[in-house]
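Student: Sequence plus the predicted model coming up.
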There are 2 protein chains.
Amino acid sequence: LPITRAELKKVKALHTRKGRRSQGRFVAEGVRLLEEAYRFGINPAPLYYSPDRLSPRAETLLGRFRARKTALERVSPGDLSRLASAETSQGLLAVCPTPTTALTELHRPAMRNILLCENLSDPGNVGTLIRSALAFGFDLVILCGRCAEPFSPKVVRSSVGAVFGLPIAVAATDEALGLTDRSGIVVVATDLAARTDLGQLLPSLEKRRLALAIGSEADGLSQTVLERARSRVRIRHSGKVESLNSAMAGSILMQACYDSRIRRKT
Amino acid sequence: LPITRAELKKVKALHTRKGRRSQGRFVAEGVRLLEEAYRFGINPAPLYYSPDRLSPRAETLLGRFRARKTALERVSPGDLSRLASAETSQGLLAVCPTPTTALTELHRPAMRNILLCENLSDPGNVGTLIRSALAFGFDLVILCGRCAEPFSPKVVRSSVGAVFGLPIAVAATDEALGLTDRSGIVVVATDLAARTDLGQLLPSLEKRRLALAIGSEADGLSQTVLERARSRVRIRHSGKVESLNSAMAGSILMQACYDSRIRRKT
């Protein structure tokens, strides 16, 4: 059945921040992303598909969603292109409810490792950090200041579906630091000028809940975060570069946390 | 002076692979990239600039290039936009000779740590890996198979100028492995199925020259590389993701090499 003009307009509005906000939904496209959505129990409403474009892998996935009673809507290739933001829909486009995570999730003792991003405006970096956070056993991501929006198409895409796998809260920096304080969470800030490696610090934090703060590449973390952090850490590198990409820096530090936790267990 | 139509056409051809190849030149735009070019002693020929658009930081840089007798060409804002590939030229656009690095550089004993990338088609990942290679003291990058082209605008941009800071060779996989063999370089391959962490392996490689091989996210390294590698290493991560972004994986491993070298020295 051809999609109605009203429906097309509504879905296309989800390519904008305003549309996502007012509808409380976002779009995810392509086989790999939607396999992750399936794996994390997400139920699109609806999942648009165009049969002529589906690979065998996409067919299999569609069958799984069907078995789970997901609302499927068959559309023409032309209509699917009109709905899509990228040329990578591979015949599948899902409209998903935007998960909302309250900052008060911080208070839950199960939230042991938290990634706190400040002013990370590049969506590719934010998506990649969310992916690494999930990979290295982090329990919560908090986006403060002027960060890219977590459910924008570019962030969703560069997270390779990790946005479906862990809670992500958006908050003001002050508010986030207030809550970490009250929860007894240790804030560790990355700082080019620091004299300590995270590895030296980790043994002393063994039993503490940790928020690792990553700032923007151009300006680093704000004074607010730096002053209220319990410790500042660096990643040593050669003098041939000024700094590391912030997604690299964050991933390297999260990997160090994960590794130290694994070593303790074994 | 207005730029001639022939010159415009020639510079615009550098936005294509074919044009870069036939002219042996590439384009770098924006203040941050060109500060790095300056720092690494690159001499653009020419450096186009548009005075109305320059920030004080860009003015300073222009003055430095002028003092170095770089060929400067003043153009109108309109002409600069016509030359530019991105909207980020910030009034400065340099045409640079493409550095060429022979694979035989491998034979030089000074090339202790080598990054070997195979089939990394994403230019953002290739640029980021080149940046991390420079940051973590790697001496040479080799791009094998279907990798993004090292001097394409996206790679140059995401390397944040690191392409100016270390030699990059493009080669066939077989050829690269033949030369690492003959040079006694130990090839260490990343492999999701490996049972060894790089950290466990590094002490035994202390005095050896090392080529760290990173493959594509979708398919990993080719059988050719996996079979000829002396060791295979993994990065442990939670089962919640299938794999890591290849730039993250490569950066984490290069950081481990750097860190172990620093520890030995201190």
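Tutor: Yes, it's here. This is a predicted model, so every value here is computed, not measured.

Student: Does anything pack onto the least confident helix or strand in chain A by mean pLDDT? Which helices or strands?
Tutor: Least confident element among the helices and strands of chain A, by mean pLDDT, DSSP states H and E: helix A:198-201 (a mean of 88). If you count contacts as 3 or more C-beta pairs under 8 Å, 6 or more residues apart in numbering or on different chains; DSSP states H and E, helix A:198-201 packs onto strand A:231-233, helix A:246-265. C-beta: built from backbone N, CA, C; applies to glycine.

Student: what about 6 Å?
Tutor: Contacts defined by 3 or more C-beta pairs under 6 Å, 6 or more residues apart in numbering or on different chains; DSSP states H and E place helix A:198-201 against helix A:246-265.

Student: and the helix or strand following the least confident helix or strand of chain A, is it in reach of chain B?
Tutor: Using DSSP states H and E, the helix or strand that follows helix A:198-201 towards the C-terminus is strand A:210-214. No - contact of strand A:210-214 with chain B is not found when judged by C-beta under 6 Å from any C-beta of the partner chain; the minimum separation is 13.5 Å.

Student: CA atoms only for whichever helix or strand comes after strand A:210-214, dumped as PDB, please.
Tutor: Per DSSP H and E, strand A:210-214 leads on to helix A:223-228 as the next helix or strand towards the C-terminus. Written as PDB, here are the backbone C-alpha positions of helix A:223-228 (Å, rounded to 0.1, in the frame of the first residue of the first chain):
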ATOM      1  CA  GLN A 223      36.800  24.200  34.800                       C
ATOM      2  CA  THR A 224      33.600  23.100  36.500                       C
ATOM      3  CA  VAL A 225      34.400  19.400  35.900                       C
ATOM      4  CA  LEU A 226      38.100  19.700  36.400                       C
ATOM      5  CA  GLU A 227      37.700  21.400  39.800                       C
ATOM      6  CA  ARG A 228      35.100  19.000  41.100                       C
END
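
Student: ok, so what distance separates A:Gly24 from A:Phe151?
Tutor: 10 Å (C-beta to C-beta, to the nearest Å).

Student: who has more neighbours, these two?
Tutor: Using other C-beta atoms under 10 Å in any protein chain shown, the more surrounded residue of A:Gly24 and A:Phe151 is A:Phe151, with 22 against 11.

Student: What's the separation between A:Asp122 and chain B?
Tutor: A:Asp122 is 10 Å from chain B, where distance means C-beta to the nearest C-beta, to the nearest Å.

Student: Disregarding residues adjacent in the polypeptide, which is nearest to that residue?
Tutor: A:Ala148 (6.5 Å; C-beta to C-beta, 6 or more residues apart in numbering or on different chains).

Student: Over to A:Glu73?
Tutor: A:Pro46 (4.5 Å).

Student: how many neighbours does that neighbour have?
Tutor: The local packing of A:Pro46 (other C-beta under 10 Å) involves 18 other residues.

Student: if we can go back for a sec, between A:Gly24 and A:Phe151, which contacts overlap?
Tutor: Counting by C-beta atoms under 6 Å, 6 or more residues apart in numbering or on different chains, the contacts common to A:Gly24 and A:Phe151 are A:Thr98.

Student: Could you give me the buried positions within the least confident helix or strand of chain A?
Tutor: A:198, A:201 (16 or more other C-beta atoms under 10 Å in any protein chain shown).

Student: CA atoms only: put it into PDB for me.
Tutor: These are the backbone C-alpha positions of helix A:198-201, laid out as PDB (Å, rounded to 0.1, in the frame of the first residue of the first chain):
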ATOM      1  CA  LEU A 198      44.700   5.900  35.000                       C
ATOM      2  CA  GLY A 199      46.500   2.600  35.500                       C
ATOM      3  CA  GLN A 200      48.200   4.100  38.600                       C
ATOM      4  CA  LEU A 201      44.900   5.200  40.000                       C
END
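
Student: before we move on, the earlier item: you'd agree the residue nearest to A:Glu73 is up against A:Arg74?
Tutor: No - judged on C-beta atoms under 6 Å, A:Pro46 makes no contact with A:Arg74 at a distance of 10.0 Å.

Student: before we move on, back to that, pretty sure the residue nearest to A:Asp122 sits in a strand.
Tutor: No - when DSSP: H, G, I helix; E, B strand; the rest coil is applied, A:Ala148 is found to be coil, with no strand at that position.

Student: Let me know the pLDDT of A:Val225.
Tutor: pLDDT recorded at A:Val225 is 96.

Student: can you map out the strands along chain A?
Tutor: A:25-29, A:47-49, A:72-74, A:92-97, A:113-118, A:140-144, A:168-171, A:186-190, A:210-214, A:231-233 (DSSP state E).

Student: Chain B versus the residue nearest the centre of chain A, what's the distance?
Tutor: By C-alpha atoms, centre = their mean, the mean C-alpha position of chain A lies nearest to A:Ile130, the distance being 3.6 Å. To chain B, A:Ile130 is 10 Å away according to C-beta to the nearest C-beta.

Student: what residues are up against that residue?
Tutor: The contact partners of A:Ile130, taken as C-beta under 6 Å, 6+ apart, are A:141, A:159, A:162-163.

Student: Out of the residues you listed, which end up buried?
Tutor: If we count by 16+ other C-beta under 10 Å, the contacts of A:Ile130 have these buried: A:141, A:159, A:162-163.

Student: Kindly reformat the residues you listed as JSON lines containing distance to chain B and pLDDT.
Tutor: Below are these laid out as JSON lines (distance: C-beta to the nearest C-beta, whole Å; pLDDT from 0 to 100):
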{"residue": "A:Val141", "distance to chain B": "13", "pLDDT": "98"}
{"residue": "A:Ser159", "distance to chain B": "10", "pLDDT": "96"}
{"residue": "A:Ala162", "distance to chain B": "6", "pLDDT": "97"}
{"residue": "A:Val163", "distance to chain B": "12", "pLDDT": "97"}
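
Student: So which of those residues are in helices?
Tutor: Under the assignment DSSP state H, those contribute nothing to helices.

Student: Close to chain B: what parts of chain A are there?
Tutor: Residues of chain A lying near chain B (C-beta under 6 Å from any C-beta): A:128, A:132, A:134-135, A:137, A:165, A:237-238, A:240-241, A:244-245, A:248, A:251-252, A:255.

Student: Please pick the buried ones from those.
Tutor: Among those, those classed as buried by 16+ other C-beta under 10 Å are A:128, A:132, A:134-135, A:137, A:165, A:237, A:240-241, A:244-245, A:248, A:251-252, A:255.

Student: May I ask which two of the residues you listed are separated the most?
Tutor: A:Gly165 and A:Lys240 (35.8 Å; C-beta to C-beta).

Student: about what we covered before: measure how buried the residue nearest to A:Asp122 is and give me the count.
Tutor: Close neighbours of A:Ala148, defined as other C-beta under 10 Å, add up to 18.

Student: How confident was the prediction at the residue of the stretch 51-200 of chain A found nearest chain B?
Tutor: The nearest approach of the stretch 51-200 of chain A to chain B comes at A:Ala135, 4.1 Å away (C-beta to the nearest C-beta). A:Ala135 carries a pLDDT value of 97.

Student: That one against B:Val241, yeah?
Tutor: Yes - between A:Ala135 and B:Val241 there is a contact at 4.4 Å, judged by C-beta under 6 Å.

Student: follow-up on the earlier one: switch the strands of chain A over to TSV; also include distance to A:Glu59.
Tutor: Shown next, in TSV, are the strands of chain A (distance: least, C-beta to C-beta, whole Å):
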stretch	distance to A:Glu59
strand A:25-29	16
strand A:47-49	9
strand A:72-74	12
strand A:92-97	10
strand A:113-118	36
strand A:140-144	33
strand A:168-171	31
strand A:186-190	45
strand A:210-214	40
strand A:231-233	48
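
Student: Out of the ones you listed, which is closest to A:Asp259?
Tutor: With C-beta to C-beta as the criterion, A:Asp259 lies closest to strand A:113-118 of the strands of chain A, at 12.4 Å.

Student: Return the list of strands paired to that closest one, each annotated with direction.
Tutor: Applying DSSP bridges, strand A:113-118 is found paired with strand A:140-144 (parallel), strand A:210-214 (parallel).

Student: any residues touching the first one, and which ones?
Tutor: Under the contact criterion C-beta under 6 Å, 6+ apart, strand A:140-144 has outside partners A:105, A:111, A:114-118, A:130, A:133, A:167-171, A:173, A:176.
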